[in-house]
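Enquirer: Sequence unavailable; structure follows:
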């Protein structure tokens, strides 16, 4: 089933694929996974240029039980935060627009790709009325274990994203060359 869905998504034009992935990210299937059900579901796809620059052959991004465990179970002390984190998955469809990433190889050999998703009105992480913070992009952290899966998401700035990557010694990928 996963393979068939992935193949169908890959065959769609970019705009239709983005809409389909956003629909999947807000679907009953992802909601069940984010409530602890087994399985995984696609929620986004890296652009070909970012995937190539990062050396990634499979551009599909998934959520899984491990995503649920990290994004939701780690935040059960604040139910509104856990619910907010579940809603964040809809914005992963915008990852196609990302032009900035950072690759980290951890001491245990685990690879992560951090991607800065540009701010998009209507699909963003920041939930604030403060103008200075309202239109920040989203940092998406992807792990490579069960495919490329969502590990965490948080609002940030491009400056902070690059500073954190440099501090960790990550390889920065900047498709805009800035």
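Expert: Noted; the coordinates are in hand. The model shown is predicted, which means the values in this text are computed figures rather than measured ones.
Enquirer: what about residue 160, distance to residue 100?
Expert: Taking Cβ to Cβ, to the nearest Å as the measure, residue 160 falls 12 Å from residue 100. Glycine gets a C-beta too; all of them are placed from N, C-alpha and C.
Enquirer: same check, this time on residue 154
Expert: Distance from residue 154 to residue 100, counting by Cβ to Cβ: 15 Å.
Enquirer: Equivalent analysis for residue 114, please.
Expert: From residue 114 to residue 100 the distance is 9 Å (Cβ to Cβ).
Enquirer: Between those two, which contacts overlap?
Expert: Counting by Cβ atoms under 8 Å, 6 or more residues apart in numbering, the shared contacts of residue 114 and residue 100 are residue 161.
Enquirer: rewinding a little: who has more neighbours out of residue 160 and residue 100?
Expert: Neighbour tally, residue 160 and residue 100, criterion other Cβ atoms under 10 Å: the higher count belongs to residue 100, 22 against 14.
Enquirer: What residues does that one make contact with?
Expert: 115, 116, 158, 161, 162, 172, 173, 174, 175, 176.
Enquirer: Among the residues you listed, which ones are in strands?
Expert: 115, 116, 172, 173, 174 (DSSP state E).
Enquirer: Neighbours of the fourth one, how many?
Expert: So the one you mean is residue 173. 22.
Enquirer: Just to check, it is in contact with residue 98?
Expert: No: look at residue 173 against residue 98 with Cβ atoms under 8 Å: they stay out of range, at 9.5 Å.
Enquirer: list the residues that contact both of the two?
Expert: With Cβ under 8 Å, 6+ apart as the test, residue 173 and residue 98 both reach residue 50.
Enquirer: Between the two ends of stretch 42-50, what distance do you get?
Expert: Taking Cα to Cα, to the nearest Å, stretch 42-50 runs 18 Å from one end to the other.
Enquirer: and what of stretch 43-57?
Expert: Using Cα to Cα, the end-to-end distance of stretch 43-57 comes out at 17 Å.
Enquirer: mind listing what's buried in it?
Expert: By neighbour count on 16 or more other Cβ atoms under 10 Å, the buried set for stretch 43-57 is 43, 44, 45, 46, 47, 50, 51, 53, 54, 56.
Enquirer: Now pLDDT, distance to residue 28 and secondary structure too, for those residues, in CSV please.
Expert: Shown next, in CSV, are the buried residues of stretch 43-57 (pLDDT from 0 to 100; distance: Cβ to Cβ, whole Å; DSSP: H, G, I helix; E, B strand; the rest coil):
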residue, pLDDT, distance to residue 28, secondary structure
43, 87, 14, strand
44, 88, 18, strand
45, 89, 21, strand
46, 90, 25, coil
47, 90, 28, coil
50, 92, 30, helix
51, 91, 29, helix
53, 92, 35, helix
54, 90, 32, helix
56, 88, 29, coil
